[in-house]
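J.: show me the folded form of this:
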Amino acid sequence: MATQNYENHAQHVPMFHGVLFGLLVLTLGGSITNLCLSTIPVKTQITLISSQLDHGRIYSASLIVALTLAALMLFWFCRSFALKAQDRAIRAEENLRHFVLTGKLLDPRITIRQTIALRFAPDDEFVALAQRAASENLAPDAIKRAVKTWKPDTYRV
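T.: Got it, this is the predicted structure:
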């Protein structure tokens, strides 16, 4: 793997971010199309059987739409819950690192997003950059750009 820096630090899992999400979106589109098409009456000789079959088609199509929406929600929440857990771990790690280096916890004005950005700063840049982030309310992107010697984090996806 190439040396991590600002330009290449974002990590993506192609099978998750591309293939799985794409399949879910395509399935949602197909299931909505199926639901719309199932509401169009089928012309048959026997009206009673036709209406029963139409009801069954609409019900099945509605279930497929509902299951697809549930899968999309599951996709979203699995990702967001995992990131929230990683954010908490990063906050604890960076607070500990700041405490080891200074004897004090991180400034409470530093947001979680700023803390996540600070993790790329090496120890010799970390304390000054944390102070600057708190006093100037730097955006996370500005914090990452301010890092001179990038400290890679290859575990977060």
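
J.: quick check: buried residues in stretch 64-73?
T.: Under the neighbour-count criterion of 16 or more other C-beta atoms under 10 Å, stretch 64-73 has 64-65, 68 buried. C-betas here are computed from N, CA, C, even on glycine.

J.: try stretch 122-131
T.: Across stretch 122-131, burial judged by 16+ other C-beta under 10 Å covers 125-127, 129-130.

J.: please enumerate the strands of this structure.
T.: With DSSP state E applied, the chain shows no strands anywhere along its length.

J.: pLDDT-wise, which helix or strand of it ranks last?
T.: Sorting the helices and strands of the chain by mean pLDDT, DSSP states H and E puts helix 47-102 at the bottom, at a mean of 86.

J.: so how far is that helix off the chain centroid?
T.: Helix 47-102 sits 10 Å away from the centroid of its parent chain (C-alpha atoms, centre = their mean, to the nearest Å).

J.: stretch 140-154 now?
T.: Stretch 140-154 has its C-alpha centroid displaced from the chain centroid by 20 Å (C-alpha atoms, centre = their mean).

J.: what about that stretch, start to end distance?
T.: Across stretch 140-154, the straight-line distance between its terminal residues is 18 Å, by C-alpha to C-alpha, to the nearest Å.

J.: cool, stretch 14-28 as well?
T.: With C-alpha to C-alpha as the measure, the ends of stretch 14-28 fall 20 Å from one another.

J.: name the residues that touch that stretch?
T.: Residues from elsewhere that reach stretch 14-28, judged by C-beta atoms under 8 Å, 6 or more residues apart in numbering: 12, 65, 68-69, 71-72, 75.

J.: ok so, going back, can you list the buried residues of stretch 122-131 in TSV and add pLDDT?
T.: Below are those laid out as TSV (pLDDT from 0 to 100):
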residue	pLDDT
E125	95
F126	96
V127	96
L129	97
A130	96
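
J.: pick out the most distant pair among those.
T.: E125 and A130 (9.3 Å; C-beta to C-beta).

J.: re earlier: what is the least confident helix or strand of the chain packed up against?
T.: In this structure, helix 47-102 makes packing contacts with helix 21-38, helix 112-118, helix 123-136, judged by 3 or more C-beta pairs under 8 Å, 6 or more residues apart in numbering; DSSP states H and E.

J.: which elements pack onto the last one?
T.: Judged by 3+ C-beta pairs under 8 Å, 6+ apart, helix 123-136 is in contact with helix 47-102, helix 112-118, helix 140-146.
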